[in-house]
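[1] quick one, structure for this:
(2 chains)
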Amino acid sequence: MRARLHNTIWGTVAWIAGIIFVFPVIWMVLTSFKQEQAAASNPPSWTFTPTLDQYAQIFDRNITPYLLNSLMASIFSTLLVILLATPAAYALSLRPVAKWTDTLFFFISTKMMPAVAALLPVYLLAKHLGMLDNIWTMVILYTSMNLPLAVWMMRSFLLEVPREVLEAGEVDGAGLITSIRKIIMPIVSPGLAATALICFIFAWNEFFLAVNLTATAAGTAPIFLVGFISSEGLFLARLCAAATLVSLPVLIAGWLAQNKLVRGLSMGAVK
Amino acid sequence: MTTMVARRDERTQAPVPPTKGGAKDRWVRRAPLLPALIFALVVTQVPFLYTLYLSTLSWNALRPGDKPFVGLDNYITVFNDTRLRSALFNTVLLTAGAVLFSIILGLMLALLLDRKFIGRSIVRTLLITPFLIMPVAAALLWKHAIFNPAYGLINGIFGGSTDWISSYPKAAVIATLVWQWTPFMMLILLAGLQSQSTEVLEAARVDGANAWQIFRRMTLPHLRQYLELGALLGSIYLVNTFDAIFTITQGGPGTATTNLPYEIYLTTFRKFEYGEASAAGVVVVILTIIVATFALRVISSLFRMEDNR
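    Now for the predicted structure:
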């Protein structure tokens, strides 16, 4: 009885904490449906007639190409990451190469390298090749950014494939393709999906490289938001509409992957 | 590094030690690895080598003409540059502040979520949401909708006309980062809490240990590796903070919130001092390597200690 009361009290505290934490997001979404006047009022206005004007405005201001660029950069880099990382993870787990630990640490060390240290040479090279403000440059860079994460994550999922089953399959004459299709894929596919979603999230949200290497032609969604940085003549409601819209794909991807999120973020160390 | 941190899980098995096969077998094993390895080598190491080379040149892109080799001069400039030193200080302060507060908050939230209550999974979904908001969008949201002196939420609810960002620039940046990173810490610590054996906890309770004693003597030591992992990964990500600085304060007022990534960005694309920026980049990489190695060493020695006990 006492335990149940305790749980109710702490459950309520948890609910309150959760709502406080998410409140800025709720406020963002609410503000995105306001008129500018209501958005900039002090004290804040809680009741208002919802409007889609702000969303119409941002589409008028041509957010679409930015969203498409982000979609391209995120989807293609994620595909490329998965294509590169899955076989690599296989060679680091189920049929390991001799120096698999060194290789794993090499991958993680590339993740630790600050992007600022590579920015200038990448910029100069892209400029030299005429690849500045080109979405494929971003695809390549995002692939290298997410590759270590994907290798570590996929490795942790592949290690869950029971070795006895694999060996039994081999004894029964199953070739590599059959083993992959019948034994490995069914076990690994949820992990593969989570890995892809997490790579998508990081690519979609990336700002540092995008702001320095793209402009009008290949600008991604975060670049559209740069116009809202100055407080002078700010359109708060429009900003909130844009922020809501660009965050939406990641919110959906993150909610879908939430059970595997921690594993991906910790490179497979925490389950 | 994470293999050392990972708890011994029943489901995971250590990879089989590679058998000594012929050269052909070794290449068959290597083949699936090569595309990823070559890609990573080319895209990450080549630019770094080029940075090393650039760091020995006196090269300002605004100054036409040749780019003479100056050896280590740029490094001397970097080490004597007070701006860079203050940027280093700011980087440490912002990173440490954000990591510390997000771990404390994350731990409290993880403890709350470790209990059973109605709608627990909904609350968890609510709590991870800040982490999923695009960082630039989150920074803009806090800058304009929350901190703004005229129509921001804080002044709107509590009154007053404080300009939060110019009065407390570091705290404003840290608050935004903490809001985004607390969910990350919470998820790692929650996974740690849930890997605790309930039987042992139950036994302690039967033996008359109170909640505080159990937390202090059992939960916290068990969580140590998860706390370290969270701090380590959080630092690696947060040391590179650029979005929040670029958006909220542009490094100001003055250089109050200019961290290393932002300072190097300014040196490269505002002052066009390519040689100097490269040298600073190399220094940052070396610092990162030192911090990462040190952290990894601390963790693995802690583990050896525990194993010997």
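
[2] from here on, contacts and neighbour counts on C-alpha atoms
    Fine.

[3] tell me the secondary structure of the closest residue to chain A within the stretch 201-309 of chain B, please.
    For the stretch 201-309 of chain B and chain A, the shortest gap (C-alpha to the nearest C-alpha) falls at B:Gly281, measuring 4.3 Å. Put simply, B:Gly281 is helix when judged by DSSP: H, G, I helix; E, B strand; the rest coil.

[4] the residue lying closest to it once chain neighbours are set aside: how many residues sit nearby?
    Distance criterion C-alpha to C-alpha, 6 or more residues apart in numbering or on different chains; nearest residue to B:Gly281, sequence neighbours excluded, is A:Ala117 at 4.3 Å. Using other C-alpha atoms under 10 Å in any protein chain shown, A:Ala117 has 25 other residues around it.

[5] please tell me I have it right and the residue of the stretch 201-309 of chain B closest to chain A contacts A:Val116.
    Yes: applying C-alpha atoms under 8 Å as the test, B:Gly281 and A:Val116 come out as touching, 6.3 Å apart.

[6] please enumerate the shared neighbours of the two.
    Counting by C-alpha atoms under 8 Å, 6 or more residues apart in numbering or on different chains, the contacts common to B:Gly281 and A:Val116 are B:Ile264.

[7] how close does the residue of the stretch 201-309 of chain B closest to chain A sit to A:Val211?
    Taking C-alpha to C-alpha, to the nearest Å as the measure, B:Gly281 falls 18 Å from A:Val211.

[8] what about the two, which has more around it?
    B:Gly281 (28 against 17).

[9] what sits against the more buried one?
    A:116-118, B:51, B:264.

[10] again with A:Ala257
    Residues in contact with A:Ala257 (C-alpha under 8 Å, 6+ apart) are A:194, A:197-198.

[11] how does it look with 6 Å?
    The contact partners of A:Ala257, by C-alpha atoms under 6 Å, 6 or more residues apart in numbering or on different chains, come to A:Ala194.

[12] retrieve the pLDDT associated with it.
    On pLDDT, A:Ala257 comes in at 83.

[13] quick one: low-confidence ranges for chain B?
    Along chain B, segments meeting pLDDT under 70 span B:1-21, B:294-309.

[14] chain A contacts on that one?
    Contact residues, chain B versus chain A (C-alpha under 6 Å from any C-alpha of the partner chain): B:2, B:6, B:12, B:15, B:18, B:29-30, B:32-33, B:36, B:47-48, B:112, B:117, B:123, B:126-127, B:132-134, B:137, B:151, B:156, B:187, B:247, B:261, B:281.

[15] quick check on the residues you listed: which are buried?
    B:2, B:6, B:29-30, B:32-33, B:36, B:47-48, B:112, B:117, B:123, B:126-127, B:132-134, B:137, B:151, B:156, B:187, B:247, B:261, B:281 (16 or more other C-alpha atoms under 10 Å in any protein chain shown).

[16] narrow those to those in strands?
    Nothing among those maps onto strands, per DSSP state E.

[17] out of the residues you listed, which are inside helices?
    The helices, defined by DSSP state H, take in B:2, B:29-30, B:36, B:47-48, B:112, B:123, B:126-127, B:132, B:137, B:156, B:187, B:261, B:281 from these.

[18] farthest-separated two in those residues?
    By the measure C-alpha to C-alpha, B:Arg29 and B:Gly156 form the most distant pair in those, at 62.9 Å.

[19] just the buried residues of the helix or strand hosting B:Leu201, please?
    Using DSSP states H and E, B:Leu201 sits within helix B:198-206. Neighbour-count burial for helix B:198-206, counted by 16+ other C-alpha under 10 Å, picks out B:201, B:204.

[20] same check, this time on stretch B:69-88
    B:73-75, B:78, B:83-84, B:86-88.

[21] can you check stretch A:227-239 too?
    For stretch A:227-239, by 16+ other C-alpha under 10 Å, it's A:228-229, A:235-239.

[22] next: stretch A:69-84.
    Buried, per 16+ other C-alpha under 10 Å, within stretch A:69-84: A:69-82, A:84.

[23] next step: those residues restricted to helices.
    A:69-82, A:84.

[24] by contact count, what packs against the host helix or strand of B:Glu263?
    Assigned by DSSP H and E, B:Glu263 belongs to helix B:260-269. Applying 3 or more C-alpha pairs under 6 Å, 6 or more residues apart in numbering or on different chains; DSSP states H and E, one finds that helix B:260-269 contacts helix B:274-308.

[25] try it again at 10 Å.
    Counting by 3 or more C-alpha pairs under 10 Å, 6 or more residues apart in numbering or on different chains; DSSP states H and E, the packing neighbours recorded for helix B:260-269 are helix A:116-128, helix A:208-213, helix B:82-113, helix B:274-308.

[26] neighbours of the residue lying closest to A:Val250 once chain neighbours are set aside, how many?
    Of all residues not flanking A:Val250 in the chain, A:Ile201 sits nearest, at 5.5 Å (C-alpha to C-alpha, 6+ apart). When neighbours are defined as other C-alpha under 10 Å, A:Ile201 has 23 of them.

[27] give me the low-pLDDT residue ranges for chain A?
    When residues are selected by pLDDT under 70, those of chain A lie in A:1, A:233, A:268-269, A:271.

[28] would you mark the buried spots in whichever strand or helix holds A:Leu166?
    A:Leu166 is located in helix A:163-171, with elements delineated by DSSP H and E. Buried residues in helix A:163-171, counting neighbours by 16+ other C-alpha under 10 Å, are found at A:166, A:169.

[29] what residues are up against residue 60?
    Defaulting to chain A. For A:Asp60, the contact set (C-alpha atoms under 10 Å, 6 or more residues apart in numbering or on different chains) comprises A:Gln54.

[30] nope, chain B please
    By C-alpha under 10 Å, 6+ apart, the neighbours of B:Asn60 are B:66-67, B:267-268, B:271-277.
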